[in-house]
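**Q** got a structure for you, letters missing:
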């Protein structure tokens, strides 16, 4: 098939620069943009910009298009729904797509107990609903979250989020009764600990915090990303998740797994927490469950979900039939052995190449993640592990200029995250990895 990246101009080209100028004039300065790519169309793992350049997408809209850009089965479902009705309001009427999608999520999420599902429009809304329902159910105020967490940009979810300078600075004050505990980051553990000793230490600190920070009798929910997203794709160790489950069981606390970025087949399971065998009480989902349409879901134990009074949950746009039919077809495709196996395949291919790069380049401190949810972390020194955020940004700029869409991650913003559509071909995948490897070498050469 030949090369998948096809450049007819520099990136950004003249039309893109014109659009970017319009963006600067019309949109708020605080609305970030990770690249200067201006999109004309997209399909599968490819994106075309307004100047006619053909790029490979390794960012996937921050993990929004695991099934690829414009999957035919999803587009067809949307077109069919457009000829029926757009939205009559789930708070006013009942329509089958909402019911069918809820029934599907109730069936495929972990746990052999009755479940119910509430739909909303964004990951932030899903998290907000999950916490509010947990508070209503337990009649308690406090919520435990973790260092490195990202849960959204609403008042409550921004209060739960951990990366201060990028997301929180200037927007306080924040919601009360939020308690942030240490979350294990094995790569940055103290040198004198083995991995198991470090996890033991994190569990010990967890118990201490239940004395020094908040009493379990006041805690409504513990919310955690089984693989931290914005924090740098850090998988939470199984024993730590098991500890949370045990504490929740002992004290009647609701365990919420935030699967907004790590779910939807990204890690080789439908949800990333399935790798641990730990069963949460509630799960929040968004991003790739809708193939780019605004939809999110909270699925949880029926007794918890039923707790709020009649009229206590819901929203005008929640459960939009257009978004729901897209999500229904997306999840049907994602939750198949073939798709999940492809996710593992894509992840193995990326990890193999990145590990080889880590052996070659001293600037790579760590390669980590699960399945096709991976990062490479750049450091100034492999021993001290001092973060090198400038290096990560330089690699991204060179990669984008050469036709590969990439974005950063990590508490120190020194990681590059890999979230290509799982439908990416091997040819596209390795061509993109070649671009990254060449970009790393170029940046190193410039630093000499």
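**A** Sure thing, it's come through. On a predicted model such as this, the values are computed, not experimentally measured, just so you know.

**Q** what is the burial count for the closest residue to residue 225 other than its chain neighbours?
**A** Excluding the flanking residues, the one nearest residue 225 by Cβ to Cβ, 6 or more residues apart in numbering is residue 258, at 4.7 Å. Placement of C-beta: from N, CA and C, glycine included. Residues lying near residue 258 (other Cβ atoms under 10 Å) number 33.

**Q** check contacts around residue 258.
**A** Going by Cβ atoms under 8 Å, 6 or more residues apart in numbering, residue 258 touches 123, 127, 149, 151, 223-225, 284.

**Q** over to residue 286?
**A** 122-123, 126, 260, 295-297.

**Q** against residue 353, how distant is residue 401?
**A** Residue 401 sits at a distance of 20 Å from residue 353 (criterion: Cβ to Cβ, to the nearest Å).

**Q** who has more neighbours, those two?
**A** Shown here are residue 401 and residue 353; by other Cβ under 10 Å, residue 353 has more neighbours (19 against 16).

**Q** assumed that one was part of a helix.
**A** Yes - assessed by DSSP: H, G, I helix; E, B strand; the rest coil, residue 353 belongs to a helix.

**Q** which residue sits closest to it, ignoring its sequence neighbours?
**A** Nearest to residue 353 is residue 433, by Cβ to Cβ, 6+ apart, at 4.6 Å.

**Q** how much space is there between the one you found and residue 89?
**A** Taken as Cβ to Cβ, the span from residue 433 to residue 89 is 46 Å.

**Q** neighbour count: those two, which is higher?
**A** residue 433 (22 against 15).

**Q** for the more buried one, what are its contacts?
**A** Residues near residue 433 by Cβ under 8 Å, 6+ apart: 349-350, 353-354.

**Q** mind checking how far the helix or strand it falls within is from the chain centre?
**A** Counting by DSSP states H and E, the element that carries residue 433 is helix 426-447. A distance of 24 Å separates the centroid of the chain from that of helix 426-447, by Cα atoms, centre = their mean, to the nearest Å.

**Q** next, the buried residues of that helix.
**A** 428-429, 431-433, 435-437, 439-440, 443 (16 or more other Cβ atoms under 10 Å).

**Q** same deal with stretch 97-107?
**A** Per 16+ other Cβ under 10 Å, stretch 97-107 contains these buried residues: 97-98, 101-102, 104-106.

**Q** in helices only, show me the residues you listed.
**A** Counting by DSSP state H, these place 97-98, 101-102, 104-106 in helices.

**Q** now these in CSV, with pLDDT and distance to residue 418?
**A** Converted to CSV, these look like this (pLDDT from 0 to 100; distance: Cβ to Cβ, whole Å):
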residue, pLDDT, distance to residue 418
97, 97, 32
98, 98, 33
101, 98, 29
102, 98, 32
104, 98, 28
105, 98, 26
106, 98, 31
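
**Q** from the residues you listed, which is closest to residue 62?
**A** Closest approach between these and residue 62, by Cβ to Cβ: residue 105, at 21.6 Å.

**Q** how about the contacts made by the closest one?
**A** Taking Cβ under 8 Å, 6+ apart as the test, what residue 105 contacts is 115, 117, 285, 297, 299, 331.

**Q** now the phi/psi pair for the last one, please.
**A** Phi and psi for residue 331, reported as degrees, to the nearest 10, are phi -70, psi -30.

**Q** hmm, residue 288 and it touching each other?
**A** No - here residue 331 does not reach residue 288: they are 9.2 Å apart, not a contact under Cβ atoms under 8 Å.

**Q** so what's in contact with these two at the same time?
**A** residue 264.

**Q** neighbour count: these two, which is higher?
**A** Per other Cβ under 10 Å, whichever of residue 331 and residue 288 has more neighbours is residue 288, with 29 against 25.

**Q** doesn't that one belong to a helix?
**A** Yes - the assignment for residue 288 is a helix, going by three-state DSSP.

**Q** contacts only, for the closest residue to residue 364 other than its chain neighbours.
**A** Counting by Cβ to Cβ, 6+ apart, residue 364 lies nearest to residue 358, which is 4.2 Å off, once chain neighbours are set aside. By Cβ under 8 Å, 6+ apart, the contact set of residue 358 is 364, 366-367, 376.
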